[in-house]
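Visitor: Sequence first, then the predicted structure:
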Amino acid sequence: MAWMVWTLPTAVFFSTIAAILAGMTAWEILSPTVERKGFLPIATTRGDRLFIGLLSAAYIHLIVVGFTDITIWFALALSVVWLLILMRWG
């Protein structure tokens, strides 16, 4: 892994994704999901909303890194807040 020159924010970001995926797998096994319609224009399951949230997180990070001088920690915090909103009301 040394050839990738991982920074702490990058490692935290991908570790968080791995933890979320593990948690969602356990949640799905314990309580199977049903489709519902929230503020998104389509009916979604928890897995769908997680996928949309992770995709959004990637775009949030790309925007922060590409267009601002804001710290990457801001992008991580914004991504977590967005994912929580999306999972609850999306």
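Guide: Right, received. Where do you want to start?
Visitor: Let me see the contact set for residue 37.
Guide: Residues near residue 37 by CB atoms under 8 Å, 6 or more residues apart in numbering: 43-44. Every C-beta, even on glycine, is put in place using the N, C-alpha and C of the backbone.
Visitor: what separates it from residue 67, distance-wise?
Guide: Distance of residue 37 to residue 67, computed by CB to CB, to the nearest Å: 33 Å.
Visitor: Equivalent analysis for residue 78, please.
Guide: Taken as CB to CB, the span from residue 78 to residue 67 is 14 Å.
Visitor: Ok, residue 80 next?
Guide: Distance from residue 80 to residue 67, by CB to CB: 20 Å.
Visitor: Please apply the same query to residue 34.
Guide: Distance from residue 34 to residue 67, counting by CB to CB: 39 Å.
Visitor: cool, residue 87 as well?
Guide: The gap separating residue 87 from residue 67 is 26 Å, by CB to CB.
Visitor: Could you check which of these two has the larger neighbour count?
Guide: Taking neighbours as other CB atoms under 10 Å, residue 87 and residue 67 compare with residue 87 leading, 16 against 8.
Visitor: Only alpha carbons, please: show the strand or helix carrying that one as CSV.
Guide: Using DSSP states H and E, residue 87 sits in helix 72-89. Extracted as CSV, the C-alpha positions of helix 72-89 are listed here (Å, rounded to 0.1, in the frame of the first residue of the first chain):
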residue,chain,number,x,y,z
ILE,A,72,-10.9,17.8,2.8
TRP,A,73,-12.3,17.3,6.3
PHE,A,74,-15.1,19.7,5.3
ALA,A,75,-16.0,17.5,2.4
LEU,A,76,-16.0,14.4,4.6
ALA,A,77,-18.3,16.2,7.2
LEU,A,78,-20.6,17.4,4.4
SER,A,79,-20.8,14.0,2.9
VAL,A,80,-21.7,12.3,6.2
VAL,A,81,-24.4,14.9,6.8
TRP,A,82,-25.8,14.5,3.3
LEU,A,83,-25.7,10.7,3.6
LEU,A,84,-27.7,10.8,6.9
ILE,A,85,-30.3,13.1,5.4
LEU,A,86,-30.6,10.9,2.3
MET,A,87,-30.9,7.7,4.3
ARG,A,88,-33.5,9.2,6.6
TRP,A,89,-35.7,11.2,4.2
